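A.B. asks: output the structure for:
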Amino acid sequence: MLALALLCSRARAADAPPAVETLRPLSTDRPDVTESPNTVDAGHFQMEADAARVTRDADVTSYGFAHTNLKLGLADFWDVQVVVESLVGLEGPESSDWGFGDITLRTKLNLFGNDAGPALALMPWTKFPTSGSRGNEKVEGGLVVPFGFDLPWDFESGLMLEADWMANEADADYHFELLQSAAIGHSLVGPLGAFVEEFGVYSAEPGATYALSAAFGLTYDVDGWLQPDAGVAVGLTEAAEDYSAFVGLSLKL
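C.D. replies: Numbers count the residues shown, from 1 in each chain. All right, here's what the predicted structure looks like:
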């Protein structure tokens, strides 16, 4: 009788529908500068891409197309990322240069709050100079520390500090940079949301001044797995880029 009961129990288990995997809501490192402290679910893939971006700084206009961040969740608290600048264009008053851009490797470790509540993460990164004359042809890297939390009335907010080791523009040496940012977002109507952000860069390079910018953007959530976005950033100090406008999207599989 015991054997018969075990066989019936196994048969019922085999006929039961498989358990539905519960995933965290889509959380992206774009479209704002402030990165998310949340990682991609273990065993899942996420793509975040600038479909097109145009940036103006002084007398140079730069373009980017299909700049894509490919993410893979390795554990519930850990993902790895490859950022590929698929097509870069520089247009100056006397010349232009188009081609492949740089490649950046990143990994994100969530320290707490990945599923709910305030969240904190560490994200080291290294850039490899695959863009040739369209970049500075130097290896660079740093550490990003993003912190996210909820505010009253369904506002969401994020703060970020980033310490980087960057190449000098004038010579072969390197210098320290510190980027800080703060962003706040809220739903406007249904799945349509908006964010505002400020971000600034302090550079220890001789002769550099503080670069402060502000940004505004829109996002549209499609069933928690797809999010188109668009926005613009404007420089508030002379050292910052004049403006940058973009459209893009994120999706999780």
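A.B. asks: just the element for Gly231, please.
C.D. replies: Secondary structure assignment for Gly231, by DSSP states H and E: strand 226-235.
A.B. asks: now the helices for the stretch 1-150 of the chain?
C.D. replies: If you assign secondary structure with DSSP state H, counting those that start in this stretch, the helices in the stretch 1-150 of the chain sit at 2-15.
A.B. asks: can you list the weak-confidence ranges in it?
C.D. replies: For the stretch 1-150 of the chain, the stretches with pLDDT under 70 are 1-21.
A.B. asks: rerun that using 90 as the cut-off
C.D. replies: 1-25, 58-60, 89-97, 116-117, 132-136 (pLDDT under 90).
A.B. asks: strands of that one, residue ranges please.
C.D. replies: Listed in chain order, the strands of the stretch 1-150 of the chain (DSSP state E, counting those that start in this stretch) span 45-57, 60-75, 78-91, 96-99, 103-112, 119-128, 140-150.
A.B. asks: mind putting those in JSON lines, distance to Pro228 included?
C.D. replies: All C-beta atoms are positioned from the backbone trio N, CA, C, and that covers glycine. Converted to JSON lines, those look like this (distance: least, Cβ to Cβ, whole Å):
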{"stretch": "strand 45-57", "distance to Pro228": "9"}
{"stretch": "strand 60-75", "distance to Pro228": "15"}
{"stretch": "strand 78-91", "distance to Pro228": "18"}
{"stretch": "strand 96-99", "distance to Pro228": "26"}
{"stretch": "strand 103-112", "distance to Pro228": "23"}
{"stretch": "strand 119-128", "distance to Pro228": "24"}
{"stretch": "strand 140-150", "distance to Pro228": "21"}
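A.B. asks: a markdown table for the ones you listed, including mean neighbour count and distance to Glu156?
C.D. replies: Supplementary listing: the strands of the stretch 1-150 of the chain in a markdown table, determined by neighbours: other Cβ atoms under 10 Å; distance: least, Cβ to Cβ, whole Å:
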| stretch | mean neighbour count | distance to Glu156 |
| --- | --- | --- |
| strand 45-57 | 18 | 17 |
| strand 60-75 | 17 | 20 |
| strand 78-91 | 18 | 20 |
| strand 96-99 | 12 | 37 |
| strand 103-112 | 17 | 17 |
| strand 119-128 | 18 | 11 |
| strand 140-150 | 18 | 6 |
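A.B. asks: what's the angle from the strand holding Gly231 to strand 45-57?
C.D. replies: Here strand 226-235 runs at 20 degrees with respect to strand 45-57, directions being taken by axes from the mean of the first three to the mean of the last three Cα atoms, to 10 degrees.
A.B. asks: go through the strands of the stretch 1-150 of the chain and name the closest to Asp32.
C.D. replies: With respect to Asp32, and counting by Cβ to Cβ, the nearest of the strands of the stretch 1-150 of the chain is strand 140-150 at 10.7 Å.
A.B. asks: whichever helix or strand comes after that closest one to strand 140-150, inter-axis angle?
C.D. replies: Following the chain from strand 140-150 toward its C-terminal end, the next helix or strand by DSSP H and E is strand 156-167. Relative orientation of strand 156-167 with respect to strand 140-150: 170 degrees, computed using the same axes, to 10 degrees.
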